[in-house]
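J.: Okay, here's the prediction I keep looking at, along with the sequence it came from:
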Amino acid sequence: MASLRSWLSANHIIGNPKKFSLEERIFNTFCSIAVVAFFIEIFFNYYIGLKYVAIVCAFGTIFAACLYYISRVRRSTKLATRSLGIAANFTFLVNYFLNSGIHGPNLLLFCLVLLVTIVVVPKKELAFWIVLNITTVFGVLAFEYLEPDAIKTAYVDELSRVIDFAVTYGVAALLICLSISFIRNNYDRERNVVNQKNAEIEAQSFRILQQNKELEKLNSEKAKLFSIVAHDIRSPLSSILGYLEVLAETELSESENEQIKQKLLQATKDTSEMLSNVLAWSKSQMDGARVDIVAVDVARELERGLSLEKNIASRKNISLNLDLVDNIFIAADLNMFHIVVRNLVNNAIKFTPDGGNVSVSMEHNQENCFIKVKDDGTGVPEHEQEGLFKLRALSTFGTNNEKGVGLGLLLCKEFTELQDGKIWFESNPKVQGSTFVVSFNLYGVSKGREI
(Lines give C-alpha, C1' and ligand atoms only; values in the text may rest on other atoms or scores of the structure.)
Protein backbone atom coordinates (compact mmCIF):
# COMPACT_ATOMS: atom_id res chain seq x y z
CA MET A 1 0.00 0.00 0.00
CA ALA A 2 2.82 2.35 0.87
CA SER A 3 4.53 1.63 -2.45
CA LEU A 4 1.24 2.32 -4.29
CA ARG A 5 0.86 5.67 -2.51
CA SER A 6 4.46 6.48 -3.38
CA TRP A 7 3.87 5.64 -7.03
CA LEU A 8 0.69 7.73 -7.12
CA SER A 9 2.36 10.73 -5.48
CA ALA A 10 2.64 13.95 -7.51
CA ASN A 11 6.43 13.80 -7.60
CA HIS A 12 6.34 10.33 -9.10
CA ILE A 13 3.66 11.08 -11.72
CA ILE A 14 4.86 14.48 -12.97
CA GLY A 15 8.53 14.28 -11.92
CA ASN A 16 10.64 15.32 -8.95
CA PRO A 17 11.28 19.10 -8.92
CA LYS A 18 14.97 18.41 -8.28
CA LYS A 19 15.26 16.42 -11.52
CA PHE A 20 12.54 17.82 -13.80
CA SER A 21 12.26 21.43 -14.96
CA LEU A 22 9.11 23.49 -14.43
CA GLU A 23 8.19 23.15 -18.13
CA GLU A 24 8.59 19.36 -18.01
CA ARG A 25 6.40 19.05 -14.93
CA ILE A 26 3.66 21.23 -16.42
CA PHE A 27 3.73 19.21 -19.64
CA ASN A 28 3.59 15.90 -17.72
CA THR A 29 0.66 17.26 -15.71
CA PHE A 30 -1.12 18.29 -18.89
CA CYS A 31 -0.60 14.85 -20.43
CA SER A 32 -1.80 13.07 -17.26
CA ILE A 33 -5.00 15.11 -17.07
CA ALA A 34 -5.51 14.85 -20.83
CA VAL A 35 -5.40 11.04 -20.65
CA VAL A 36 -8.09 11.00 -17.96
CA ALA A 37 -10.18 13.73 -19.60
CA PHE A 38 -10.09 12.18 -23.08
CA PHE A 39 -10.89 8.75 -21.65
CA ILE A 40 -13.99 10.14 -19.90
CA GLU A 41 -14.95 12.10 -23.04
CA ILE A 42 -15.03 8.84 -25.07
CA PHE A 43 -18.00 7.53 -23.14
CA PHE A 44 -19.62 10.93 -22.69
CA ASN A 45 -19.55 11.80 -26.41
CA TYR A 46 -20.71 8.32 -27.38
CA TYR A 47 -23.58 8.64 -24.91
CA ILE A 48 -24.76 11.96 -26.32
CA GLY A 49 -24.52 10.67 -29.88
CA LEU A 50 -21.20 12.20 -30.98
CA LYS A 51 -19.70 8.93 -32.19
CA TYR A 52 -17.05 10.51 -34.41
CA VAL A 53 -15.99 12.82 -31.61
CA ALA A 54 -15.76 9.78 -29.32
CA ILE A 55 -13.35 8.21 -31.83
CA VAL A 56 -11.28 11.40 -31.82
CA CYS A 57 -11.22 11.29 -28.00
CA ALA A 58 -10.03 7.67 -28.08
CA PHE A 59 -7.20 8.73 -30.37
CA GLY A 60 -6.48 11.64 -28.01
CA THR A 61 -6.29 9.27 -25.02
CA ILE A 62 -3.71 7.06 -26.72
CA PHE A 63 -1.78 10.01 -28.07
CA ALA A 64 -1.66 11.82 -24.71
CA ALA A 65 -0.43 8.63 -23.04
CA CYS A 66 2.32 8.33 -25.68
CA LEU A 67 3.35 11.94 -25.12
CA TYR A 68 3.49 11.31 -21.36
CA TYR A 69 5.72 8.27 -21.92
CA ILE A 70 8.05 10.20 -24.22
CA SER A 71 8.34 13.11 -21.78
CA ARG A 72 8.23 11.44 -18.35
CA VAL A 73 9.96 8.13 -19.04
CA ARG A 74 12.17 8.80 -22.06
CA ARG A 75 12.87 12.40 -20.98
CA SER A 76 12.43 13.66 -24.58
CA THR A 77 10.21 16.59 -23.69
CA LYS A 78 11.13 18.65 -26.78
CA LEU A 79 9.99 15.85 -29.09
CA ALA A 80 6.80 15.46 -27.06
CA THR A 81 5.95 19.19 -27.13
CA ARG A 82 6.50 19.41 -30.90
CA SER A 83 4.35 16.33 -31.43
CA LEU A 84 1.67 17.88 -29.23
CA GLY A 85 1.74 21.14 -31.17
CA ILE A 86 1.25 19.41 -34.50
CA ALA A 87 -1.23 16.73 -33.37
CA ALA A 88 -3.33 19.01 -31.14
CA ASN A 89 -3.83 21.61 -33.82
CA PHE A 90 -4.69 18.92 -36.37
CA THR A 91 -6.95 16.98 -33.99
CA PHE A 92 -8.86 20.03 -32.79
CA LEU A 93 -9.16 21.17 -36.42
CA VAL A 94 -10.86 17.87 -37.26
CA ASN A 95 -12.89 18.10 -34.04
CA TYR A 96 -14.00 21.60 -35.06
CA PHE A 97 -15.75 20.22 -38.11
CA LEU A 98 -17.14 17.17 -36.28
CA ASN A 99 -18.32 18.97 -33.16
CA SER A 100 -20.53 21.85 -34.35
CA GLY A 101 -17.81 24.37 -35.25
CA ILE A 102 -18.22 27.71 -33.54
CA HIS A 103 -21.32 26.43 -31.77
CA GLY A 104 -19.23 23.84 -29.90
CA PRO A 105 -16.43 24.29 -27.30
CA ASN A 106 -13.69 24.08 -29.93
CA LEU A 107 -12.31 27.60 -29.57
CA LEU A 108 -11.84 26.90 -25.86
CA LEU A 109 -9.76 23.86 -26.79
CA PHE A 110 -7.61 25.92 -29.17
CA CYS A 111 -7.02 28.47 -26.37
CA LEU A 112 -6.03 25.63 -24.06
CA VAL A 113 -3.52 24.31 -26.60
CA LEU A 114 -2.13 27.84 -27.00
CA LEU A 115 -1.68 28.19 -23.23
CA VAL A 116 0.10 24.86 -22.87
CA THR A 117 2.25 25.66 -25.91
CA ILE A 118 3.33 29.02 -24.49
CA VAL A 119 4.22 27.43 -21.15
CA VAL A 120 6.22 24.40 -22.32
CA VAL A 121 7.81 25.04 -25.74
CA PRO A 122 11.33 26.51 -26.02
CA LYS A 123 11.43 30.28 -26.43
CA LYS A 124 12.99 30.15 -29.89
CA GLU A 125 10.05 28.05 -31.16
CA LEU A 126 7.35 30.07 -29.40
CA ALA A 127 6.58 32.45 -32.30
CA PHE A 128 6.05 29.57 -34.73
CA TRP A 129 3.52 27.74 -32.54
CA ILE A 130 1.60 30.93 -31.70
CA VAL A 131 1.34 31.87 -35.38
CA LEU A 132 0.26 28.30 -36.26
CA ASN A 133 -2.46 28.31 -33.58
CA ILE A 134 -3.82 31.74 -34.50
CA THR A 135 -3.72 30.97 -38.22
CA THR A 136 -5.63 27.71 -37.69
CA VAL A 137 -8.32 29.36 -35.55
CA PHE A 138 -8.90 32.35 -37.82
CA GLY A 139 -8.71 30.07 -40.84
CA VAL A 140 -11.58 27.83 -39.69
CA LEU A 141 -13.61 30.85 -38.53
CA ALA A 142 -13.24 32.44 -41.94
CA PHE A 143 -14.13 29.17 -43.63
CA GLU A 144 -17.26 28.77 -41.50
CA TYR A 145 -18.26 32.35 -42.21
CA LEU A 146 -17.91 31.83 -45.94
CA GLU A 147 -19.42 28.34 -45.93
CA PRO A 148 -21.95 28.32 -43.05
CA ASP A 149 -23.65 25.15 -44.30
CA ALA A 150 -20.40 23.12 -44.39
CA ILE A 151 -20.41 22.50 -40.62
CA LYS A 152 -23.51 20.90 -39.12
CA THR A 153 -24.64 20.97 -35.48
CA ALA A 154 -23.78 17.60 -33.95
CA TYR A 155 -25.77 17.87 -30.71
CA VAL A 156 -29.00 15.90 -30.34
CA ASP A 157 -30.42 18.49 -27.95
CA GLU A 158 -29.47 21.64 -26.04
CA LEU A 159 -28.67 19.69 -22.84
CA SER A 160 -25.95 17.74 -24.61
CA ARG A 161 -24.41 21.00 -25.81
CA VAL A 162 -24.48 22.51 -22.32
CA ILE A 163 -22.91 19.41 -20.76
CA ASP A 164 -20.20 19.32 -23.44
CA PHE A 165 -19.33 22.97 -22.80
CA ALA A 166 -19.32 22.36 -19.04
CA VAL A 167 -16.99 19.35 -19.24
CA THR A 168 -14.65 21.06 -21.69
CA TYR A 169 -14.56 24.18 -19.54
CA GLY A 170 -13.86 22.10 -16.42
CA VAL A 171 -10.89 20.35 -18.04
CA ALA A 172 -9.55 23.62 -19.49
CA ALA A 173 -9.99 25.49 -16.19
CA LEU A 174 -8.25 22.68 -14.29
CA LEU A 175 -5.25 22.72 -16.63
CA ILE A 176 -5.07 26.52 -16.56
CA CYS A 177 -5.20 26.58 -12.75
CA LEU A 178 -2.53 23.90 -12.48
CA SER A 179 -0.25 25.66 -14.96
CA ILE A 180 -0.59 29.04 -13.23
CA SER A 181 -0.19 27.38 -9.83
CA PHE A 182 2.99 25.65 -10.97
CA ILE A 183 4.37 28.91 -12.32
CA ARG A 184 3.49 30.92 -9.20
CA ASN A 185 4.80 28.29 -6.79
CA ASN A 186 8.00 27.99 -8.78
CA TYR A 187 8.34 31.77 -8.86
CA ASP A 188 7.79 32.01 -5.11
CA ARG A 189 10.24 29.21 -4.46
CA GLU A 190 12.89 30.75 -6.71
CA ARG A 191 12.28 34.17 -5.14
CA ASN A 192 12.69 32.70 -1.65
CA VAL A 193 15.87 30.93 -2.73
CA VAL A 194 17.22 34.17 -4.22
CA ASN A 195 16.26 36.14 -1.11
CA GLN A 196 17.88 33.53 1.10
CA LYS A 197 21.03 33.55 -1.02
CA ASN A 198 21.09 37.34 -0.96
CA ALA A 199 20.74 37.29 2.83
CA GLU A 200 23.53 34.72 3.06
CA ILE A 201 25.72 36.78 0.74
CA GLU A 202 25.08 39.92 2.78
CA ALA A 203 25.84 38.07 6.01
CA GLN A 204 28.95 36.57 4.47
CA SER A 205 30.04 39.97 3.15
CA PHE A 206 29.53 41.43 6.61
CA ARG A 207 31.57 38.62 8.17
CA ILE A 208 34.29 39.08 5.57
CA LEU A 209 34.40 42.82 6.25
CA GLN A 210 34.59 42.16 9.99
CA GLN A 211 37.29 39.55 9.43
CA ASN A 212 39.21 41.95 7.21
CA LYS A 213 39.03 44.60 9.90
CA GLU A 214 40.19 42.09 12.50
CA LEU A 215 42.99 40.89 10.20
CA GLU A 216 44.09 44.44 9.49
CA LYS A 217 44.07 45.18 13.20
CA LEU A 218 45.90 41.95 13.99
CA ASN A 219 48.48 42.52 11.24
CA SER A 220 49.03 46.03 12.51
CA GLU A 221 49.46 44.75 16.05
CA LYS A 222 51.80 41.99 14.87
CA ALA A 223 53.89 44.53 12.98
CA LYS A 224 54.07 46.68 16.11
CA LEU A 225 54.83 43.62 18.19
CA PHE A 226 57.78 42.52 16.10
CA SER A 227 59.11 46.05 15.80
CA ILE A 228 58.95 46.34 19.60
CA VAL A 229 60.51 42.90 20.01
CA ALA A 230 63.33 43.86 17.64
CA HIS A 231 63.90 47.08 19.56
CA ASP A 232 63.59 45.52 23.01
CA ILE A 233 65.87 42.60 22.16
CA ARG A 234 68.47 44.93 20.67
CA SER A 235 68.44 47.05 23.83
CA PRO A 236 69.22 44.30 26.39
CA LEU A 237 71.69 42.66 24.00
CA SER A 238 73.50 45.98 23.79
CA SER A 239 73.43 46.17 27.61
CA ILE A 240 74.78 42.61 27.88
CA LEU A 241 77.53 43.45 25.39
CA GLY A 242 78.35 46.61 27.34
CA TYR A 243 78.52 44.74 30.66
CA LEU A 244 80.76 42.07 29.14
CA GLU A 245 83.09 44.73 27.70
CA VAL A 246 83.30 46.40 31.11
CA LEU A 247 84.07 43.08 32.78
CA ALA A 248 86.71 42.23 30.18
CA GLU A 249 88.48 45.58 29.90
CA THR A 250 88.03 47.34 33.25
CA GLU A 251 89.50 46.67 36.65
CA LEU A 252 86.57 46.68 39.09
CA SER A 253 86.19 46.30 42.78
CA GLU A 254 84.55 43.16 44.09
CA SER A 255 81.29 44.98 44.89
CA GLU A 256 81.19 46.65 41.44
CA ASN A 257 81.98 43.35 39.78
CA GLU A 258 79.13 41.64 41.67
CA GLN A 259 76.71 44.44 40.82
CA ILE A 260 77.47 44.23 37.09
CA LYS A 261 77.10 40.44 37.17
CA GLN A 262 73.64 40.78 38.73
CA LYS A 263 72.59 43.31 36.09
CA LEU A 264 74.03 41.08 33.38
CA LEU A 265 72.09 38.11 34.75
CA GLN A 266 68.83 40.10 34.93
CA ALA A 267 69.24 41.43 31.36
CA THR A 268 69.96 37.91 30.08
CA LYS A 269 66.96 36.47 31.94
CA ASP A 270 64.60 39.16 30.60
CA THR A 271 65.81 38.61 27.04
CA SER A 272 65.52 34.84 27.36
CA GLU A 273 61.98 35.04 28.73
CA MET A 274 60.94 37.46 26.00
CA LEU A 275 62.40 35.26 23.26
CA SER A 276 60.78 32.12 24.71
CA ASN A 277 57.34 33.73 24.65
CA VAL A 278 57.78 35.20 21.17
CA LEU A 279 59.06 31.92 19.72
CA ALA A 280 56.32 29.85 21.39
CA TRP A 281 53.60 32.20 20.19
CA SER A 282 55.06 32.48 16.66
CA LYS A 283 55.23 28.71 16.35
CA SER A 284 51.62 28.32 17.47
CA GLN A 285 50.53 30.94 14.91
CA MET A 286 52.50 29.59 11.96
CA ASP A 287 52.39 25.80 12.34
CA GLY A 288 49.47 25.31 14.68
CA ALA A 289 50.23 24.11 18.18
CA ARG A 290 50.18 20.34 18.73
CA VAL A 291 48.39 19.32 21.91
CA ASP A 292 49.28 16.06 23.64
CA ILE A 293 46.76 15.61 26.47
CA VAL A 294 48.00 13.42 29.33
CA ALA A 295 47.31 13.02 33.04
CA VAL A 296 49.25 15.75 34.86
CA ASP A 297 49.88 15.60 38.62
CA VAL A 298 49.31 19.30 39.39
CA ALA A 299 51.02 19.54 42.78
CA ARG A 300 54.07 17.57 41.63
CA GLU A 301 54.51 19.59 38.43
CA LEU A 302 54.06 22.92 40.21
CA GLU A 303 56.69 21.97 42.81
CA ARG A 304 59.09 20.83 40.11
CA GLY A 305 58.31 23.45 37.47
CA LEU A 306 58.50 26.59 39.64
CA SER A 307 61.98 26.03 41.12
CA LEU A 308 63.49 28.68 38.82
CA GLU A 309 60.74 31.16 39.74
CA LYS A 310 61.47 30.54 43.42
CA ASN A 311 65.07 31.63 42.87
CA ILE A 312 63.95 34.72 40.93
CA ALA A 313 61.50 35.65 43.70
CA SER A 314 64.15 35.08 46.34
CA ARG A 315 66.58 37.44 44.61
CA LYS A 316 63.84 40.09 44.53
CA ASN A 317 63.07 39.42 48.23
CA ILE A 318 59.58 38.17 47.34
CA SER A 319 57.92 35.31 49.18
CA LEU A 320 56.55 32.68 46.72
CA ASN A 321 54.11 30.42 48.59
CA LEU A 322 52.62 27.20 47.18
CA ASP A 323 49.34 25.97 48.68
CA LEU A 324 48.92 22.66 46.86
CA VAL A 325 46.62 19.63 47.04
CA ASP A 326 48.17 16.23 46.41
CA ASN A 327 46.86 13.57 44.01
CA ILE A 328 44.89 15.91 41.76
CA PHE A 329 45.31 14.98 38.11
CA ILE A 330 44.21 17.17 35.21
CA ALA A 331 43.93 16.55 31.46
CA ALA A 332 46.60 18.84 29.97
CA ASP A 333 49.61 19.09 27.68
CA LEU A 334 52.58 19.06 30.06
CA ASN A 335 54.73 21.59 28.15
CA MET A 336 51.83 24.00 27.62
CA PHE A 337 50.82 23.63 31.26
CA HIS A 338 54.29 24.69 32.39
CA ILE A 339 54.37 27.63 29.95
CA VAL A 340 51.01 28.91 31.21
CA VAL A 341 51.82 28.63 34.92
CA ARG A 342 55.35 30.01 34.58
CA ASN A 343 54.10 33.04 32.66
CA LEU A 344 51.47 33.78 35.29
CA VAL A 345 53.96 33.39 38.16
CA ASN A 346 56.65 35.41 36.34
CA ASN A 347 54.13 38.21 35.74
CA ALA A 348 53.16 38.16 39.41
CA ILE A 349 56.83 38.40 40.46
CA LYS A 350 57.54 41.06 37.84
CA PHE A 351 54.79 43.39 39.10
CA THR A 352 55.31 42.76 42.81
CA PRO A 353 57.74 45.08 44.64
CA ASP A 354 60.57 43.89 46.87
CA GLY A 355 59.29 42.35 50.08
CA GLY A 356 55.93 41.43 48.54
CA ASN A 357 54.10 38.10 48.40
CA VAL A 358 53.06 35.80 45.55
CA SER A 359 50.94 32.71 46.17
CA VAL A 360 49.97 29.76 43.98
CA SER A 361 47.00 27.81 45.31
CA MET A 362 44.76 24.95 44.14
CA GLU A 363 41.03 24.31 44.41
CA HIS A 364 38.91 21.65 42.77
CA ASN A 365 35.38 20.33 42.38
CA GLN A 366 33.93 17.23 40.70
CA GLU A 367 34.93 18.39 37.21
CA ASN A 368 37.68 21.02 37.31
CA CYS A 369 40.89 22.03 39.04
CA PHE A 370 41.46 25.76 39.58
CA ILE A 371 44.99 27.15 39.91
CA LYS A 372 45.10 30.68 41.37
CA VAL A 373 48.14 32.94 41.08
CA LYS A 374 47.76 35.87 43.47
CA ASP A 375 50.10 38.74 44.27
CA ASP A 376 50.02 41.96 46.30
CA GLY A 377 51.80 44.00 43.66
CA THR A 378 50.80 47.01 41.59
CA GLY A 379 47.62 45.38 40.25
CA VAL A 380 45.93 46.01 36.89
CA PRO A 381 44.29 49.41 36.23
CA GLU A 382 40.58 49.11 35.45
CA HIS A 383 40.96 50.57 31.95
CA GLU A 384 43.49 47.83 31.04
CA GLN A 385 41.56 44.84 32.39
CA GLU A 386 39.40 44.35 29.30
CA GLY A 387 42.46 43.95 27.04
CA LEU A 388 44.48 41.71 29.35
CA PHE A 389 44.33 38.62 27.13
CA LYS A 390 44.66 40.44 23.81
CA LEU A 391 47.67 41.27 21.66
CA ARG A 392 48.62 44.68 23.03
CA ALA A 393 51.96 45.17 21.22
CA LEU A 394 53.55 47.48 23.76
CA SER A 395 56.50 47.32 26.10
CA THR A 396 55.76 46.58 29.75
CA PHE A 397 58.01 47.12 32.74
CA GLY A 398 58.00 45.45 36.12
CA THR A 399 58.75 47.01 39.49
CA ASN A 400 62.50 46.57 38.83
CA ASN A 401 62.18 47.64 35.17
CA GLU A 402 61.91 44.03 33.95
CA LYS A 403 61.00 44.23 30.26
CA GLY A 404 58.21 42.47 28.36
CA VAL A 405 56.04 43.01 25.29
CA GLY A 406 52.61 42.13 26.71
CA LEU A 407 52.59 38.74 24.99
CA GLY A 408 52.62 36.42 28.01
CA LEU A 409 48.91 36.59 28.89
CA LEU A 410 47.85 36.15 25.24
CA LEU A 411 50.04 33.05 25.11
CA CYS A 412 48.49 31.80 28.37
CA LYS A 413 44.97 32.26 26.97
CA GLU A 414 45.68 30.51 23.66
CA PHE A 415 47.50 27.58 25.24
CA THR A 416 44.89 27.17 28.00
CA GLU A 417 42.01 27.07 25.50
CA LEU A 418 43.91 24.56 23.33
CA GLN A 419 43.84 22.27 26.40
CA ASP A 420 40.06 22.78 26.77
CA GLY A 421 40.68 25.01 29.78
CA LYS A 422 39.72 28.55 30.78
CA ILE A 423 41.61 31.53 32.16
CA TRP A 424 40.36 34.75 33.71
CA PHE A 425 41.27 37.70 35.91
CA GLU A 426 39.56 38.28 39.25
CA SER A 427 39.17 41.93 40.13
CA ASN A 428 38.87 43.04 43.74
CA PRO A 429 39.19 46.83 44.13
CA LYS A 430 39.41 46.53 47.93
CA VAL A 431 42.54 44.34 47.78
CA GLN A 432 45.87 45.44 46.29
CA GLY A 433 47.43 43.23 43.65
CA SER A 434 46.09 40.80 41.05
CA THR A 435 44.58 37.32 40.94
CA PHE A 436 44.66 35.17 37.81
CA VAL A 437 42.80 31.87 37.68
CA VAL A 438 43.34 29.04 35.22
CA SER A 439 40.92 26.09 35.08
CA PHE A 440 41.58 22.60 33.67
CA ASN A 441 39.35 19.54 33.37
CA LEU A 442 40.13 16.78 35.81
CA TYR A 443 41.65 13.79 34.06
CA GLY A 444 38.92 11.35 33.07
CA VAL A 445 36.27 14.11 32.96
CA SER A 446 35.54 16.27 29.91
CA LYS A 447 32.99 19.09 30.12
CA GLY A 448 31.20 17.49 33.01
CA ARG A 449 31.04 13.98 31.51
CA GLU A 450 33.20 11.03 32.27
CA ILE A 451 35.38 9.85 29.38
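T.: On my side now, so go ahead. Residues are numbered from 1 along each chain as shown.
J.: how about the strands of the stretch 301-450 of the chain, start to end?
T.: Along the stretch 301-450 of the chain, counting by DSSP state E, counting those that start in this stretch, strands occupy 319-323, 329-332, 357-364, 368-375, 396-397, 403-404, 422-426, 434-441, 445-446, 449-450.
J.: Nearest to Lys413, out of the ones you listed?
T.: The closest of the strands of the stretch 301-450 of the chain to Lys413 is strand 422-426. By C-beta to C-beta, the value is 5.5 Å. The C-beta positions use only the backbone N, C-alpha and C, and glycine is treated the same way.
J.: just checking, Ala295 is part of a helix?
T.: No. Ala295 is assigned strand when assessed by DSSP: H, G, I helix; E, B strand; the rest coil, not a helix.
J.: Need the per-residue pLDDT for it.
T.: The model reports Ala295 with a pLDDT of 93.
J.: So what's the residue count around it?
T.: Neighbours of Ala295 under the rule other C-beta atoms under 10 Å: 12.
J.: ok, it - contacts?
T.: Contacts for Ala295 were tallied using C-beta atoms under 8 Å, 6 or more residues apart in numbering; they are 329-331, 443.
J.: repeat that for 10 Å
T.: The contact partners of Ala295, by C-beta atoms under 10 Å, 6 or more residues apart in numbering, come to 329-332, 334, 442-444.
J.: do Val341 as well
T.: The contact partners of Val341, by C-beta under 10 Å, 6+ apart, come to 298, 301-302, 305-306, 309, 360, 371, 373, 412, 438.
J.: ditto for Asn327
T.: Asn327 touches 297-300, counting by C-beta under 10 Å, 6+ apart.
J.: Can I have the buried ones of the residues you listed as a ChimeraX selection?
T.: A single ChimeraX command selects the buried members of those (16 or more other C-beta atoms under 10 Å):
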select :297,298,299
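J.: Look through the protein and report the residue furthest from the middle.
T.: Ranked by distance from the centre of the chain (C-alpha atoms, centre = their mean), the top residue is Asp149, with 72.9 Å.
J.: Give me the secondary structure label for that residue.
T.: Secondary structure state of Asp149, per three-state DSSP, is coil.
J.: State the phi and psi torsions of it.
T.: For Asp149, the backbone dihedrals (degrees, to the nearest 10) come out as phi -90, psi 0.
J.: show me where the chain has helices.
T.: For the chain, the helices defined by DSSP state H occupy 2-8, 10-14, 22-47, 51-68, 77-98, 106-120, 123-146, 158-249, 254-283, 298-305, 307-315, 334-350, 382-385, 408-418.
J.: Out of those helices, which is closest to Glu367?
T.: Nearest to Glu367, of the helices of the chain and by C-beta to C-beta, is helix 298-305 at 14.5 Å.
J.: re the thing from before, need the helices of the chain in TSV with mean pLDDT and distance to His364, can you?
T.: As requested, those are arranged in TSV below (pLDDT from 0 to 100; distance: least, C-beta to C-beta, whole Å):
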stretch	mean pLDDT	distance to His364
helix 2-8	41	57
helix 10-14	65	59
helix 22-47	77	65
helix 51-68	81	74
helix 77-98	78	71
helix 106-120	79	73
helix 123-146	87	74
helix 158-249	75	36
helix 254-283	69	27
helix 298-305	87	9
helix 307-315	76	22
helix 334-350	84	15
helix 382-385	70	26
helix 408-418	82	16
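J.: closest to Val291 out of the ones you listed?
T.: Of all the helices of the chain, helix 408-418 comes closest under C-beta to C-beta, at 5.1 Å.
J.: which parts of the closest one are buried?
T.: 408-416, 418.
J.: Show the contacting residues for Ile86.
T.: 129, 132.
J.: so how far is Gln259 from it?
T.: According to C-beta to C-beta, to the nearest Å, Ile86 stands 110 Å off from Gln259.
J.: cool, Thr250 as well?
T.: 13 Å.
J.: Could you do Arg191 as well?
T.: Separation of Arg191 from Gln259 (C-beta to C-beta): 81 Å.
J.: Thr61 too?
T.: 113 Å.
J.: Of those two, which one has the most company?
T.: For Thr61 versus Gln259, the count of surrounding residues by other C-beta under 10 Å is larger for Thr61: 19 against 12.
J.: Pull out the buried positions in stretch 34-47.
T.: By 16+ other C-beta under 10 Å, the buried positions in stretch 34-47 come out as 34-35, 37-39, 41-42, 44-45.
J.: wait, I meant stretch 438-447
T.: So stretch 438-447, judged by 16+ other C-beta under 10 Å, has buried residues 438-443.
J.: what does it contact?
T.: By C-beta under 10 Å, 6+ apart, stretch 438-447 touches 293-298, 328-332, 337, 340-341, 344, 363-373, 412-413, 415-416, 419-424, 448, 450-451.
J.: domains of the chain?
T.: Domain segmentation of the chain under automatic domain parsing yields 2-202, 289-450.
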